[in-house]
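Participant: The following block contains a protein sequence and its predicted model.
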Amino acid sequence: MPKIKKKAKSLMQPEDEIKSMAHHASEYYQVYQKQFTMAIVAIVLVLAVALIYSFVSSSNEKKAGQMLSAAYDASNPGGGAPANYPQALQRYQDIVKQYGGTLNGAIAQFYLGNTYVQMGQPEAALKEYETFINKYSGERLLLGLVYQRMGYAYLALGKQDQAVKAFGQAESIAGTGPATLELARLYEREGKIQEAQKRYKVISEKLPSSAWAMEARKKLQPPDLGQAPKPAQPAAAPK
């Protein structure tokens, strides 16, 4: 019976393997050359757009900052000069309109509400604060201040329940601070002593060196206030 000869598998040398891989890569690139080129062009375009956006954003932020400074000077001129509130309002509105997507645009929206408060128009101020909440809710630091200012605006309108809600929102966002003290005062005014004491205690413990803590400590009741003194226990007889 004739023997079947098996072909010996030839072993490739390392340099042959490298040449073969390079050859396959070259063929693969030639087949998908168009796709590779389009991908590279897309990456370059994305990077270019990102750089342009960064440059434009920085430029817009700077321009908005300059306008914001001029608007603030109109509403708070200093040196005893009278405030020009209509001019300030117009300037803040221009910033929001032209550079509403910047941080300074968000600050301008906040100051729109503050300016109306300075003008004695809390209802108009509340509308501007509501616009801020709807448009700039991602600016958490400013958002806490907005809710706090809303609380004061509601108090000016005699809407105590709404003020409590606004100060509560400010406290939940910004933590213990002036909104906490305002809540304590409001609860105390409403006769909700336990709620008021709770907030006074938080201020005293978390902000011990602040002026708010000094007021809170004056309001805090002694722990055993209103309780009858416990009778002294007789000494145990010696054994």
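Facilitator: That came through, no problem.

Participant: Give the full set of residues in contact with Ala216.
Facilitator: Taking Cβ atoms under 8 Å, 6 or more residues apart in numbering as the criterion, Ala216 is in contact with Leu181, Ala184, Arg199, Tyr200, Lys201, Ile203, Ser204. For every residue, glycine as well, the C-beta is placed using N, CA and C.

Participant: give me the number of residues near the first one?
Facilitator: The one in question is Leu181. Leu181 is surrounded by 24 other residues when neighbours are defined as other Cβ atoms under 10 Å.

Participant: do the fourth one as well
Facilitator: Burial of Tyr200 is recorded as 26 neighbouring residues (other Cβ under 10 Å).

Participant: what packs against the helix or strand Arg149 falls within?
Facilitator: Secondary structure here is read from DSSP states H and E; on that basis Arg149 sits in helix 140-156. Here helix 140-156 touches helix 103-118, helix 122-135, helix 160-174, helix 178-189, going by 3 or more Cβ pairs under 8 Å, 6 or more residues apart in numbering; DSSP states H and E.

Participant: Which residues outside the first one are in contact with it?
Facilitator: Counting by Cβ under 8 Å, 6+ apart, helix 103-118 makes contact with 61, 64-65, 67-68, 71-72, 75, 83, 85, 88-89, 92-93, 95-96, 99-100, 122, 124-126, 128-129, 131-132, 135-136, 139, 142, 145-146, 149, 152-153, 156, all of which sit outside it.

Participant: contacting residues for Leu181?
Facilitator: When the contact criterion is Cβ under 8 Å, 6+ apart, the partners of Leu181 are Arg199, Ile203, Trp212, Glu215, Ala216.

Participant: helix, strand or coil for the third one?
Facilitator: Going back to what we said before, that points to Trp212. Assigned with DSSP: H, G, I helix; E, B strand; the rest coil, Trp212 falls in the helix class.

Participant: Surely it and Lys206 touch.
Facilitator: No - the pair formed by Trp212 and Lys206 falls short of the contact definition of Cβ atoms under 8 Å, at 9.8 Å.
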